[in-house]
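*Asks:* pasting the sequence and the predicted model now:
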Amino acid sequence: MNCRRWIILSLCLIVFACSPGSANSINQTLNITVASITEMSLTGSPVSLTVQTAAAGDEPDSSEQSMTYNISSNRANFKLTAALNSAAPADTTVEMQAAAPGGTLGGTSAGFVPLSTTAQNVVSSLNPGYRTAITVTFRFTAPVISGIIASTSRDVTITLTAGP
């Protein structure tokens, strides 16, 4: 009989402990937002382009230097453009070629694009994604008619913007 009392008492305690009247809960509203993310960085040394050689009877050789860029974006349908802060020296050309990132970003490279003070499309049709170590190459061409040009510099502005 003593064992029976303990069993009944234990069952009563379990029932009272699990009764819904003893529960207490609250609700909290969560406001969730994902902002537009479009980030890019360049890695590598400052670019130095020097035209200094030519084969006899030919135009001077172009000067090229490559570095890499990294990109992260959650935007769809965007592109990469590039522009110089001031025009290239007379009779010369500054060009840029950015490889398409590939992977989830996809993209289409425009190949070597002559740069000017107006933004030029260099990679188009980019999708959401991220990628590192994508090659970008700068090329400087100075034909003999450009003469000797003292050291000068130009800034290149590379922009991720909406577009195909």
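*Replies:* Right, received. Where do you want to start?
*Asks:* drop to CA atoms for contacts and neighbour counts, all remaining ones
*Replies:* Will do.
*Asks:* okay, now the unreliable bits of the chain?
*Replies:* 1-22 (pLDDT under 70).
*Asks:* tell me the secondary structure at the residue minimising distance to the centre of it.
*Replies:* Centroid-nearest residue in the chain, with Cα atoms, centre = their mean: Ile71, separated by 1.8 Å. Judged by DSSP: H, G, I helix; E, B strand; the rest coil, the three-state class of Ile71 is strand.
*Asks:* wait, what's in contact with it?
*Replies:* Thr38, Glu39, Met40, Ser41, Gly129, Tyr130, Arg131, Thr132 (Cα atoms under 8 Å, 6 or more residues apart in numbering).
*Asks:* what's the PyMOL line that selects buried ones from the residues you listed?
*Replies:* Here is the PyMOL command that selects only those of the contacts of Ile71 that count as buried (16 or more other Cα atoms under 10 Å):
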select buried, resi 38+40+129+130+131
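*Asks:* which among the contacts of Ile71 gets closest to Gly147?
*Replies:* Nearest to Gly147 among these: Ser41, at 34.7 Å, using Cα to Cα.
*Asks:* about what we covered before: among the contacts of Ile71, which are in strands?
*Replies:* Counting by DSSP state E, the part of these found in strands is Thr38, Glu39, Met40, Ser41, Gly129, Tyr130, Arg131, Thr132.
*Asks:* what is the burial count for the residue lying closest to the second one once chain neighbours are set aside?
*Replies:* Here the nearest residue to Glu39 in space, its sequence neighbours aside, is Ser72; by Cα to Cα, 6 or more residues apart in numbering that works out to 5.2 Å. For Ser72, the number of neighbouring residues by other Cα atoms under 10 Å comes to 17.
*Asks:* for stretch 157-164, buried residues please.
*Replies:* Ile158, Thr159, Leu160, Thr161, Pro164.
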